[in-house]
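J.: coords please:
(one chain, ligands or ions: 1)
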Amino acid sequence: MSAESSRSNPPLQTSHPIKFLIIGGGIAGLACALALRRVGHHALVVERRDRRSARGEGGIRLPPNLTKIFFHWGLRDALREKGLVSHTILFTRYESGEYLGRQVWDQDVLRETRGVFMLMTHADLHDVLYEAAIRAGVRVRFNADVTSIDPEEREVELATGEVLTGDVIVGADGEYGPCRTAVLGKEVRGNPTGLAMYDTVVPGRYLPEHLASLREDNGVFVAFGEGRAIVAYAVHGGADYAFQFYGPDENPEGKYGDSPTVSIAEITRTLDPRLENVVRHAQDDGRLVLIGEAAHPFPPGTIQATAMAVEDGAVLAKLFSHLSEDRQIESFLFAFQDLRQARARSVRAGEFASAFFMTIDGEGAAQRDAAMKAKSTSGGNVLEGGEGEANSLWEEIRTIFGYDCEDEADDWWVQWGLLRERALSRQTDDADVDYGEGEGEGHAAPSLLDFSAMTVQVSSTASDYDAEAW
Ligand SMILES: Cc1cc2nc3c(=O)[nH]c(=O)nc-3n(C[C@H](O)[C@H](O)[C@H](O)COP(=O)(O)OP(=O)(O)OC[C@H]3O[C@@H](n4cnc5c(N)ncnc54)[C@H](O)[C@@H]3O)c2cc1C
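T.: Got it, this is the predicted structure:
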């Protein structure tokens, strides 16, 4: 039997469809819209770019906690058509190319996580989600630039002056879109970490001979350097390789697609010369992204950036599949906030730890390399814990990959949601039920997930669906 996750289709349908107006047609917005349509809600996505420029040519990694969601949604074949399944990670030193060891994705891990580890480009994934969303009945409007948001009126205004309304407004417009600022009342930035990521795709023919094994098992190549690192993998069916170069950077601001502020020559100054061809090609078309809270709540290029964006939509839809009355909307949003904030926080901490693990220098780097080489020499997987090690990096990764966000949303419903419904149904004569009780006690209506891809703004009452306006 396949270890990959599958689930019955169609999923539970809401008995009370409402309108979700989703700002931003990136991966988060499209995935959220698709998930909501699957459970019977109406979804309109407004994206300020045209379809082509909303897609990026860089690579993305889809970890098992993400692919399992897509498998549940029936996207297995579409993903396999565009992406490659990866089986190994190859670790080397950045400066010398010295081999440190390998990590093999064994069957047990995959069985446990019920997903696979896939590699593709942002554009490929965007296409898969867009096509599935349209098939499911999502409406997507490109070239629709949201200029203002009125959460109380549940309205957004486009640059053309057109006004759109929804019962729930979902902000999936990235860190620099208007939603975060609208909800918080000001721009909120975190602390830069001093690392930049230079993202590029190069033809496979530039891959040096000593990395040829990557072709056989669609391996991910990781090079650890002093303050620098590389992550690389095959895209476009193996014809090209996505390279992400990490290096020091002092700039506090930046977003995906910005022009480089540090030259690739500077970032790769100490790099193994066998990768010279890759670097030479990378100079033509690279883009620079800052790594750090200042730039992105989840930095692009990290394994979990895309996964967290999709998990948000999957959880929102799971919760709202139980919607049968308007009055439940707020409590579902409290549940969403509870579930997602805790998850996103812990995963993000892991992502930043990985970036530093790749780029530490001095004694820390020497210890890391020695431990990996020792495990490799004894024929082991290099990320797994050795004897006497209480908690290996691999255990943490397995836990993150094993998480099933849709199961967690179901658990919330069984443990809390149903209980609440039963309690409320016993008060049928009480017209003024106080929804401030329970998990949302003492809070204002949830409006922002500060550690996540999405902001959500909700109205108190759902309006009638007007197909014409949408
Ligand atoms: C064009 C593009 C290409 C990318 N390419 C890559 C890549 O190759 N590799 C990688 O690792 N990461 C890439 N990323 C980043 C990656 O998509 C995110 O890190 C992650 O997937 C989370 O996505 P998101 O949908 O939350 O945010 P984003 O990807 O930032 O998407 C937000 C969307 O909201 C839209 N938007 C913003 N403001 C408004 C507004 N006022 N009105 C309407 N729409 C608005 C934006 O145009 C964008 O399409 C790219 C992002 C973009 C926008």
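
J.: longest helix anywhere in the protein?
T.: Using DSSP state H to define each element, the chain has its longest helix at helix 329-359.

J.: And that one, what does it pack against?
T.: With contacts defined as 3 or more Cβ pairs under 8 Å, 6 or more residues apart in numbering; DSSP states H and E, helix 329-359 has these neighbours: strand 192-203, strand 220-224, strand 229-235, strand 240-248, helix 303-320, helix 393-402, helix 405-412, strand 455-458. Every C-beta, even on glycine, is put in place using the N, C-alpha and C of the backbone.

J.: Helices of the stretch 151-300 of the chain, residue ranges please.
T.: Along the stretch 151-300 of the chain, the segments classed as helices by DSSP state H, counting those that start in this stretch run 178-184, 213-217, 264-267, 276-285.

J.: is any part of the first one close to the ligand?
T.: Pointing back at helix 178-184 there. Yes - using Cβ under 6 Å from any ligand atom, we find that helix 178-184 touches the ligand at P178.

J.: Can you name the residue of the stretch 151-300 of the chain nearest to the ligand?
T.: The nearest approach of the stretch 151-300 of the chain to the ligand comes at G174, 2.7 Å away (Cβ to the nearest ligand atom).

J.: which residue sits closest to F70 in space, ignoring its chain neighbours?
T.: Distances taken as Cβ to Cβ, 6 or more residues apart in numbering place L79 nearest to F70, at 5.8 Å, with adjacent residues excluded.

J.: Is the one you found in contact with V128, as I believe?
T.: Yes - between L79 and V128 there is a contact under Cβ atoms under 8 Å: 6.1 Å.

J.: shared neighbours of the two, anything?
T.: Residues within reach of L79 and of V128 at once, by Cβ atoms under 8 Å, 6 or more residues apart in numbering, are F70.

J.: about what we covered before: adding distance to I303, mean pLDDT and mean neighbour count, write the helices of the stretch 151-300 of the chain out as a markdown table.
T.: Formatted as a markdown table, the helices of the stretch 151-300 of the chain follow (distance: least, Cβ to Cβ, whole Å; pLDDT from 0 to 100; neighbours: other Cβ atoms under 10 Å):
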| stretch | distance to I303 | mean pLDDT | mean neighbour count |
| --- | --- | --- | --- |
| helix 178-184 | 23 | 73 | 20 |
| helix 213-217 | 17 | 90 | 14 |
| helix 264-267 | 20 | 86 | 18 |
| helix 276-285 | 21 | 78 | 16 |
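
J.: Would you mind giving those helices as JSON lines with distance to T165 added?
T.: What follows is these, written out as JSON lines (distance: least, Cβ to Cβ, whole Å):
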{"stretch": "helix 178-184", "distance to T165": "15"}
{"stretch": "helix 213-217", "distance to T165": "50"}
{"stretch": "helix 264-267", "distance to T165": "46"}
{"stretch": "helix 276-285", "distance to T165": "41"}
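
J.: May I see the buried residues of stretch 144-153?
T.: Of all the residues in stretch 144-153, those buried under the rule 16 or more other Cβ atoms under 10 Å are 144, 146, 149, 151.

J.: Tabulate the helices and strands packed on helix 329-359 (a markdown table), appending distance to the ligand, mean pLDDT and mean neighbour count.
T.: Shown next, in a markdown table, are the helices and strands packed on helix 329-359 (distance: least, Cβ to the nearest ligand atom, whole Å; pLDDT from 0 to 100; neighbours: other Cβ atoms under 10 Å):
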| stretch | distance to the ligand | mean pLDDT | mean neighbour count |
| --- | --- | --- | --- |
| strand 192-203 | 6 | 82 | 22 |
| strand 220-224 | 14 | 96 | 23 |
| strand 229-235 | 10 | 95 | 25 |
| strand 240-248 | 8 | 91 | 23 |
| helix 303-320 | 4 | 92 | 26 |
| helix 393-402 | 17 | 86 | 18 |
| helix 405-412 | 15 | 95 | 19 |
| strand 455-458 | 10 | 48 | 25 |
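
J.: which one of these lies closest to I18?
T.: Comparing the helices and strands packed on helix 329-359 by their distance to I18 (Cβ to Cβ), the top pick is helix 303-320, with 7.8 Å.

J.: same for the closest one, what does it pack against?
T.: Using 3+ Cβ pairs under 8 Å, 6+ apart as the contact test, the elements touching helix 303-320 are helix 27-38, strand 59-62, helix 64-72, helix 329-359, helix 405-412.

J.: Pick the most deeply packed of these.
T.: Between the helices and strands packed on helix 303-320, helix 27-38 has the highest mean count of neighbours, a mean of 29, where neighbours are mean count of other Cβ atoms under 10 Å.

J.: Output it as PDB, nothing but the C-alphas.
T.: Extracted as PDB, the C-alpha positions of helix 27-38 are listed here (Å, rounded to 0.1, in the frame of the first residue of the first chain):
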ATOM      1  CA  ILE A  27       0.200  30.500  -3.300                       C
ATOM      2  CA  ALA A  28      -1.600  31.300   0.000                       C
ATOM      3  CA  GLY A  29      -4.600  33.000  -1.600                       C
ATOM      4  CA  LEU A  30      -5.100  30.400  -4.300                       C
ATOM      5  CA  ALA A  31      -4.800  27.500  -1.900                       C
ATOM      6  CA  CYS A  32      -7.100  29.100   0.600                       C
ATOM      7  CA  ALA A  33      -9.700  29.800  -2.100                       C
ATOM      8  CA  LEU A  34      -9.500  26.200  -3.400                       C
ATOM      9  CA  ALA A  35      -9.800  24.800   0.100                       C
ATOM     10  CA  LEU A  36     -12.900  26.900   0.900                       C
ATOM     11  CA  ARG A  37     -14.600  26.000  -2.400                       C
ATOM     12  CA  ARG A  38     -14.000  22.300  -1.700                       C
END
